[in-house]
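K.L.:
What follows is a predicted protein model with its sequence.
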Amino acid sequence: MAAPSDRGATGVRGRAPDAVGAALLAGSAVWSLISAAGREGRPEGVLLAVLAVTTGYVVGRICGSLVPVATASVMALVWLAGAIASSQETFGTSVSAASPPGDSGAVAALLVLAGGAACCAGSGARKASARLALRLLALAIAGCALLLGSVVGFIAALGVLLCSLAAARMRARLLGLAGYALVTVVVVGASWAVAERALPEGLTVALEGQLTPHRAELWHDAAELARERPGRGAGPDRFGDLSPAAARSLDGDGKPHSAPLQQAAEQGVVGVVLLGGVYGWWLYALGRSPCSTPVILTAGAALTALTALATVGNALSFTQVTVGAGLLAGLATARPAAGERPETPPGPAEGARAGAAAER
């Protein structure tokens with residue numbers, strides 16, 4: 001008799017993350033127009049990114065409610081193919097000069113999305129053979145990262161796979177999601193400290209050696225612009241016009257190669273809050289998702305790895321990455337179609353109980 005009431009309560013809970021996400025994405029679009037008003041700001045890139053995330057999320061929700069495992073498996077292969085194609089373009093068109101850091105960041109981001117999708121499909125598959133095959137696919141994707149020359153992509157994809165294997169034995173999803181949030185805060189805080197040159201000299205030199213001095217200069221310029229114009233920022237897509245480090249680069253793309261710092265420089269404090277809010281919305285939606293905890297924590301690991309790459313690179317400047325992020329989030333938060341049960345593979349404890357019952 002309580003079933004109808006439970007279903008109604010579930011529907012109300014399921015609509016809350018959608019409302020929060022719609023408000024944040026709409027706010028991001030509107031604020032980009034406000035920050036560009038009355039000056040030479042170019043909000044088209046922000047608007048395209050918002051549209052890409054929204055489209056990917058909606059498609060992911062639809063496909064995730066119908067054929068979640070099949071969709072995630074196909075997308076893993078599509079994103080792997082996209083990473084291979086992007087790496088060929090990056091290295092094939094740049095022989096003597098170094099390629100812009102954002103291009104290699106896009107390759108790493110696509111590999112993370114591919115590995116995350118494969119792991120999500122493996123976590124959601126019912127058959128043990130399918131779960132093994134999909135996790136082997138995720139391992140192969142990490143191996144492809146080395147073949148493509150993306151060490152960062154290998155580390156991130158392998159980290160997502162290890163998190164997925166650990167998530168198979170976890171039941172407290174909120175603890176895992178809180179851990180992802182903490183990792184993101186640490187990465188963003190470290191990048192901001194490098195930009196402000198607030199770290200000890202030895203640590204600063206070590207980090208700048210990994211990031212390259214040029215990128216550290218870009219970050220410093222972004223922090224300077226954020227301090228000078230904390231309200232509306234300098235305007236969308238105007239960092240390259242105002243940054244001395246970007247002007248000195250012959251092969252740069254006019255970006256600071258850090259999403260939080262770019263938001264701070266170009267759209268001020270409100271832009272940073274909205275960007276952080278979108279990531280928080282993803283975690284909130286995952287926490288309220290009806291999908292199984294292993295799927296939730298696997299998707300959270302992939303989105304957190306993608307966030308880390310966007311914090312130290314230019315991955316979110318590529319439409320295929322923003323669409324993929326929205327799609328993966330939509331798949332992991334989709335509600336099963338009417339009459340269908342979410343594909344939740346039995347955990348170790350459930351499997352043991354089922355085996356004992358069968359023996360009796």
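P.N.:
Received the coordinates, thanks.
K.L.:
Would you mind listing the residues in contact with the residue lying closest to residue 324 once chain neighbours are set aside?
P.N.:
Distances taken as C-beta to C-beta, 6 or more residues apart in numbering place residue 113 nearest to residue 324, at 4.3 Å, with adjacent residues excluded. No exception for glycine: its C-beta is placed from N, CA and C like everyone else's. Residues near residue 113 by C-beta atoms under 8 Å, 6 or more residues apart in numbering: 75, 79, 302, 306, 321, 324, 325, 328.
K.L.:
Does residue 113 lie in a helix or a strand, and which?
P.N.:
Taking DSSP states H and E as the definition, one finds residue 113 inside helix 101-124.
K.L.:
What's the mean pLDDT across the helix or strand following that helix?
P.N.:
Next helix or strand after helix 101-124 toward the C-terminus (DSSP H and E): helix 128-147. Mean per-residue pLDDT for helix 128-147: 93.
K.L.:
mind showing which ranges of the protein have poor pLDDT?
P.N.:
1-14, 89-103, 250-252, 337-360 (pLDDT under 70).
K.L.:
picking that back up, relative to helix 128-147, how tilted is the helix holding residue 113?
P.N.:
Compare the direction of helix 101-124 with that of helix 128-147 by axes from the mean of the first three to the mean of the last three C-alpha atoms, to 10 degrees and you get 170 degrees.
K.L.:
which helices and strands sit right next to the helix or strand containing residue 276?
P.N.:
Assigned by DSSP H and E, residue 276 belongs to helix 259-287. Counting contacts by 3 or more C-beta pairs under 8 Å, 6 or more residues apart in numbering; DSSP states H and E, helix 259-287 packs against helix 3-36, helix 173-196, helix 213-228, helix 239-242, helix 293-312, helix 319-333.
K.L.:
Ok, which of those helices comes nearest residue 164?
P.N.:
helix 293-312 (4.2 Å; C-beta to C-beta).
K.L.:
Any idea how far the closest one is from the middle of the chain?
P.N.:
Chain-centre distance of helix 293-312: 6 Å, with C-alpha atoms, centre = their mean, to the nearest Å.
K.L.:
Equivalent analysis for stretch 253-271, please.
P.N.:
With C-alpha atoms, centre = their mean as the basis, stretch 253-271 stands 17 Å off its chain's centre.
K.L.:
Would you mark the buried spots in it?
P.N.:
By 16 or more other C-beta atoms under 10 Å, the buried positions in stretch 253-271 come out as 254-268, 270-271.
K.L.:
before we move on, back to that, right, so of the helices and strands packed on helix 259-287, which gets closest to residue 158?
P.N.:
Closest among those, using C-beta to C-beta: helix 293-312, at 10.0 Å.
K.L.:
The closest one vs helix 173-196, what angle?
P.N.:
10 degrees.
K.L.:
Which strands and helices lie in contact with helix 293-312?
P.N.:
Judged by 3+ C-beta pairs under 8 Å, 6+ apart, the packing partners of helix 293-312 are helix 101-124, helix 151-167, helix 173-196, helix 259-287, helix 319-333.
K.L.:
looking at those, which is buried most?
P.N.:
Ranked by mean neighbour count, the helices and strands packed on helix 293-312 are led by helix 101-124 with a mean of 29 (mean count of other C-beta atoms under 10 Å).
K.L.:
before we move on, the earlier item: including distance to residue 159, could the contacts of residue 113 go into a markdown table?
P.N.:
Converted to a markdown table, these look like this (distance: C-beta to C-beta, whole Å):
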| residue | distance to residue 159 |
| --- | --- |
| 75 | 19 |
| 79 | 17 |
| 302 | 9 |
| 306 | 12 |
| 321 | 18 |
| 324 | 17 |
| 325 | 17 |
| 328 | 16 |
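K.L.:
can you put the helices and strands packed on helix 259-287 in JSON lines and add distance to residue 61?
P.N.:
Formatted as JSON lines, those follow (distance: least, C-beta to C-beta, whole Å):
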{"stretch": "helix 3-36", "distance to residue 61": "9"}
{"stretch": "helix 173-196", "distance to residue 61": "19"}
{"stretch": "helix 213-228", "distance to residue 61": "34"}
{"stretch": "helix 239-242", "distance to residue 61": "33"}
{"stretch": "helix 293-312", "distance to residue 61": "13"}
{"stretch": "helix 319-333", "distance to residue 61": "4"}
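K.L.:
Looking at the helices and strands packed on helix 293-312, spot the one closest to residue 144.
P.N.:
With C-beta to C-beta as the criterion, residue 144 lies closest to helix 101-124 of the helices and strands packed on helix 293-312, at 7.0 Å.
K.L.:
Hey, what's the angle from the closest one to helix 151-167? Just curious.
P.N.:
20 degrees.
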